[in-house]
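Q: make a model of this:
(one chain, ligands or ions: 2)
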Amino acid sequence: MFRILVSDAISEEGLTPLRKSEQMEIVQKKVSEAEAELHQFDALLVRSATKVTEELLSKMTNLKIIGRAGVGVDNIDVEAATKRGIVVINAPNGNTISAAEHTFAMMAALVRHIPQAHISVKSREWNRSAFVGTELQGKHLGIIGFGRIGSEVAKRARAFGMTVHVYDPFLTKERAEKLGVSIHTLDEVLACSDIITVHTPLTKETKGLLGEKNLAKTKKGVYLINCARGGIIDEQALIPFLQNGHVAGVALDVFEQEPPGDHPLLKFDNVIVTPHLGASTVEAQLNVATQVAEEILQFFEGKPVTSSINLPALSKDVYDKIQAFYHLAKKMGMIASQYMNIPVQELSVTYAGTVADLETTYITRSLLAGFLRPRVASTVNEVNATMIAKERGITYGEKFSDETHGYANCISLTVHGENKTFTIKGSHIPNYGDRIVHFDGFAIDFAPEGHLLYIQHQDRPGMIGKVGNVLGEHQVNIATMQVGRQEAGGKAIMLLSLDKPIDDAVTQKLTEIEDIDAVKRLEV
Ligand SMILES: NC(=O)c1ccc[n+]([C@@H]2O[C@H](COP(=O)([O-])OP(=O)(O)OC[C@H]3O[C@@H](n4cnc5c(N)ncnc54)[C@H](O)[C@@H]3O)[C@@H](O)[C@H]2O)c1
Ligand SMILES: O=C(O)[C@H](O)COP(=O)(O)O
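A: Ligands and ions are numbered 1, 2, ... in the order given. Predicted coordinates:
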């Protein structure tokens, strides 16, 4: 049973996929009301209100996944979650249309003074001359940030007869042409636009993007809209531009602090505001909640998630193709890590045969996670493996080769440690399973499963019997045994899989057998 804490207002209908599963228990409570049980939850489902801080994560010790029913993840400490191996997912396009429509509604309201006129009429006034507006048709709209929402705003603007100027450093000419907008520098957009709307995420680069310096570059009488994230337009910097009439009006759906409280901007009649309503439609909420609920379900069923912030995107189709290799690579990493129980500097992975044509990034992450698992006390998985490797000074790289050693596919891992290098090769054979086909220079064939025992010895008659005797004396049953040697009478290895793990005393006894050079337990 997996426990899911839903700590913000999420569409009830959207939670249906989770409610239908007998494996999921949903608890709907604010974080502050769930203090005593925070350590029990496997998943956390939020919108933008819950602040998922490092402190909260430290209390949610069982947490495996955070679902953001929406786009922006600036309320989530993604780095802290990643460090802890917690997957963070969002619903990137479920509320795009609602946010674009809200932006447009704000634009129309702004230039036609609808909120002010509404209040006036409700106050029993009839002052038509006070609310003369301007048309949108023929005006120049500047869009900063041309992703999902920015481009939907552009489509609507063009339908209204506006000319659209875009600033987005990542926008291609082809896409701009397709959507009938022109690409400009930021300064050009600031200088030529009658209305400017921002649709970027809030990042180090975009925080205060429309601050004092850039506001001064705008046209006198410009209208500004922020339905993206509070802080992209610097709220303090706006004040003098509103006071001196340079900015004709501002529409804000988002604020640096939410709620904004007694903010000085709220005193301006030409500043119109909504309480972060961009995504607040029945349709958007159903979309984002359903998307995230389905992803969480997939995740707990061991299937890939497609909209993770801290994992490479993986479709079901791709996952189906890589999953066998993903498991093989993890086991190879675990074996290599235990065999090379010394500090290592570098892992080099080579893919050959059919596996080389697949999405190997994910397979390498899995291998890395398997390698780090025996070395790291905290959770390590595909989410945080690359970060932990970096912290520990372990570099890794992928190569591709044609050398399959006679198998349809082959993954080869070479671990470089201090004065020692180790290579292990594995193959996944359909209808047969995972096999290790090469181990530290020996051709061998064993299944990387369970309690393994590696013995390196001299190739002498009776070695198998001696090992069998020691294990038998300690009531340890041998499930399978594979042997390999480089040449008759030379160095040889045995790989045994045992029905139960053995302790130090048994290992010591085996080490004492004449002609046995090394004994290692390997748990997979
Ligand atoms: N008000 C709401 O309720 C609401 C609803 C949904 C989304 N949002 C917010 O709207 C914003 C846009 O969302 P989206 O889904 O369109 O995101 P998106 O990722 O599809 O688009 C963002 C665009 O910004 C561009 N960009 C990044 N840095 C930039 C920079 N320095 N200068 C110019 N452009 C830059 C990117 O290239 C990208 O094209 C986000 O901040 C999101 O959180 C708000
Ligand atoms: O980033 C988003 O998806 C929007 O800002 C919506 O936020 P909300 O889910 O809190 O309405």
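Q: which bits of this structure sit near ligand 2?
A: Within the chain, the residues that sit near ligand 2 (C-beta under 6 Å from any ligand atom) are Arg47, Ser48, Gly70, Val71, Gly72, Asn95, His276, Gly278, Ala279, Ser280. Using the backbone N, CA and C atoms, a C-beta is placed for each residue, glycine as well.
Q: could you redo the last one with a cut-off of 5 Å?
A: For the chain, the residues in contact with ligand 2 (C-beta under 5 Å from any ligand atom) are Arg47, Ser48, Gly70, Val71, Gly72, Ala279.
Q: the last one contacts Asn287, doesn't it?
A: No - here Ala279 does not reach Asn287: they are 9.2 Å apart, not a contact under C-beta atoms under 8 Å.
Q: and the two most separated of the residues of the chain next to ligand 2?
A: Maximum pairwise distance in the residues of the chain next to ligand 2, criterion C-beta to C-beta, is 10.3 Å, between Arg47 and Val71.
Q: who touches both of those two?
A: Common neighbours of Arg47 and Val71 are listed as Ala279 (criterion: C-beta atoms under 8 Å, 6 or more residues apart in numbering).
Q: shouldn't Leu238 be within a helix?
A: Yes - counting by DSSP: H, G, I helix; E, B strand; the rest coil, Leu238 falls inside a helix.
Q: how close does it sit to Ile114?
A: When distance is defined by C-beta to C-beta, to the nearest Å, Leu238 is 21 Å away from Ile114.
Q: for those two, work out which one has more neighbours and name it.
A: Higher neighbour count among Leu238 and Ile114: Leu238, with 24 against 16, using other C-beta atoms under 10 Å.
Q: so that one touches Leu266, yeah?
A: No - assessed by C-beta under 8 Å, Leu238 is found out of contact with Leu266, at 11.9 Å.
Q: any idea which element the residue of the stretch 151-300 of the chain found nearest ligand 2 lies in?
A: Ligand 2 sits closest to Ala279 of the stretch 151-300 of the chain, with a gap of 3.6 Å, by C-beta to the nearest ligand atom. Following DSSP states H and E, there is no helix or strand that holds Ala279.
Q: about what we covered before: and the residues of the chain next to ligand 2, which is closest to Arg485?
A: Distances from Arg485 to these, taken by C-beta to C-beta, are shortest for Val71, at 59.4 Å.
Q: can the residues of the chain next to ligand 2 go into a markdown table with extra columns for distance to Lys491, secondary structure and neighbour count?
A: Shown next, in a markdown table, are the residues of the chain next to ligand 2 (distance: C-beta to C-beta, whole Å; DSSP: H, G, I helix; E, B strand; the rest coil; neighbours: other C-beta atoms under 10 Å):
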| residue | distance to Lys491 | secondary structure | neighbour count |
| --- | --- | --- | --- |
| Arg47 | 62 | coil | 22 |
| Ser48 | 62 | coil | 20 |
| Gly70 | 60 | coil | 27 |
| Val71 | 59 | coil | 24 |
| Gly72 | 59 | coil | 18 |
| Ala279 | 65 | coil | 26 |
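Q: residue ranges with poor pLDDT in the protein?
A: Using pLDDT under 70 as the threshold, the predicted model of the chain has no low-confidence range.
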